[in-house]
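**Student:** Okay, predicted coordinates and the sequence, questions at the end:
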Amino acid sequence: MSIPVRASARALIIAMGLVIAAGSSAADMVRVPAGEFLFGTGAIVEDGPDLSEFGLDKPAYVDEMPQRRLYLDTFFIDRYEVTNLQYSRFVIETDHWVPDGWQRSGYLLTRDILDAAELGLEELRILARDMFGIEAGIAGMDREALLDAIEHGRREQDSLPISGVSWQDARLYCEWAGKRLPTEGEWEKAARGPDGREFPWGDAWARDRVSAGQEAGPRSVGSIEAGKSYYGAYDMAGNVMEWVADWYGPYAGAASDLPDYGKKLKVARGGGWGGLGHYAISHFYRAAYRSGLQPAARFHDLGFRCARDSAPDSDSDQAPPGSGGLPGP
């Protein structure tokens, strides 16, 4: 059974029936004050583990060296990864292309669309079970109850991180929101704090502090309180990998010269929720870990968050109104 939906913003306007003002939710960004932090990985781990069997095609740590103290001016970064609901506002206003994953997940299937499709009871039960994972009690539900259950399941996806977006998609969203993608340095400082933590929460790996290795997909942003960073940013390890602004290249003073360096790949940080066993290995969730990806890549565990500069001559300004926080009701 299929319900054809044209994958464009015009279809999304019809499908979702949303009238949402851009930037209508309160901003939720964290302030990262000016100062130095430990950037990269030290030579003490130069002889790292062989992770080639888990998909790593470079020596462990080689692109994270040398470690140095890096000074950054004050900046702000989103407390949470950008969500489906937030991204939908951008898609509607700019007529941007709809992520393929929304069609697979049923995120486009509003009650109005299902009513227009005139599906029978059995078709609605199959849709509820197979696309939204609803099983309890569906055999006894009438049409209205089934539509209510499906709509509830669809709305639960509002707070999931957007995924399946390219680097350009992410850049355009951040510009639309009056922000920008964070630099590698900004992302890493926000993730590891001023004291050079290995993971956002500290130096010891803790599987229960990261959304990783599961088959079911990402969690709602901000779900794991114990996994937040020194500055209060959530999901900087796990959930979805995150695009940053930089090209994948060597750090200043690096001894290595990898073939992928140059203006070929863009950097993603943070590690994704997985679905493959190697994504649950702690190495991929360290705050210093870097991935180089084709800018046009659109993976099911790849999203982003935005950043912005601090206002000139104001080291204590607050985050302005925008669309950086959790979606409203």
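**Tutor:** Received it, and whenever you're ready, just let me know what you need.

**Student:** Could I get the full set of strands for this structure?
**Tutor:** 29-32, 35-39, 68-72, 75-78, 241-247, 266-269, 291-293, 302-304, 307-309 (DSSP state E).

**Student:** among these, which is nearest Leu114?
**Tutor:** Among the strands of the chain, strand 302-304 comes nearest to Leu114, with 27.3 Å by C-beta to C-beta. In this view, the C-beta of every residue, glycine as well, is placed from N, C-alpha and C.

**Student:** what packs against that closest one?
**Tutor:** helix 167-176, strand 241-247 (3 or more C-beta pairs under 8 Å, 6 or more residues apart in numbering; DSSP states H and E).

**Student:** angle of the first one against strand 241-247?
**Tutor:** By that I understand helix 167-176. Angle of helix 167-176 versus strand 241-247, following axes from the mean of the first three to the mean of the last three C-alpha atoms, to 10 degrees, is 90 degrees.

**Student:** buried set for helix 167-176?
**Tutor:** Residues Trp167, Asp169, Ala170, Arg171, Tyr173, Cys174, Trp176 are the ones in helix 167-176 that count as buried (16 or more other C-beta atoms under 10 Å).

**Student:** which one among the residues you listed gets closest to Glu242?
**Tutor:** Ala170 (8.4 Å).

**Student:** Near the closest residue to Gly262 other than its chain neighbours, how many other residues are there?
**Tutor:** Among residues not flanking Gly262 along the chain, Gly249 sits closest, at 6.4 Å (C-beta to C-beta, 6 or more residues apart in numbering). Gly249: 19 surrounding residues under other C-beta atoms under 10 Å.

**Student:** still on that earlier bit, got a markdown table for the helices and strands packed on strand 302-304, with distance to Glu64 too?
**Tutor:** Below are these laid out as a markdown table (distance: least, C-beta to C-beta, whole Å):
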| stretch | distance to Glu64 |
| --- | --- |
| helix 167-176 | 21 |
| strand 241-247 | 13 |
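
**Student:** Out of the strands of the chain, which is the most enclosed?
**Tutor:** Each of the strands of the chain was assessed for mean neighbour count using mean count of other C-beta atoms under 10 Å. The highest is strand 302-304, with a mean of 28.

**Student:** could the helices and strands packed on strand 302-304 go into CSV alongside mean pLDDT and distance to Ile138?
**Tutor:** As requested, these are arranged in CSV below (pLDDT from 0 to 100; distance: least, C-beta to C-beta, whole Å):
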stretch, mean pLDDT, distance to Ile138
helix 167-176, 98, 35
strand 241-247, 98, 35
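
**Student:** contacting residues for Ala243?
**Tutor:** Heads up, residue 243 is Trp, not Ala. Counting by C-beta atoms under 8 Å, 6 or more residues apart in numbering, Trp243 touches Val165, Trp167, Ala170, Arg171, Leu181, Lys266, Val267, Ala268, Leu302, Gly303, Phe304.

**Student:** Would you tell me which one of those comes nearest to Phe199?
**Tutor:** Ala268 (17.1 Å).

**Student:** Pick the one among the buried residues of helix 167-176 closest to Tyr71.
**Tutor:** Closest to Tyr71, out of all of the buried residues of helix 167-176 and judged by C-beta to C-beta, is Cys174, at 23.5 Å.

**Student:** residue contacts, that closest one?
**Tutor:** Cys174 makes contacts with Arg180, Leu181, Phe304, Cys306, Ala307, as judged by C-beta under 8 Å, 6+ apart.

**Student:** Roughly how far does it sit from Gln86?
**Tutor:** To Gln86, Cys174 is 11 Å away according to C-beta to C-beta, to the nearest Å.

**Student:** Ok, Pro161 next?
**Tutor:** With distances taken as C-beta to C-beta, Pro161 is found 10 Å from Gln86.

**Student:** now the helices: where do they sit in the stretch 1-150 of the chain?
**Tutor:** With helices called from DSSP state H, counting those that start in this stretch, the stretch 1-150 of the chain shows them at 9-16, 84-94, 100-105, 111-117, 121-132, 143-155.
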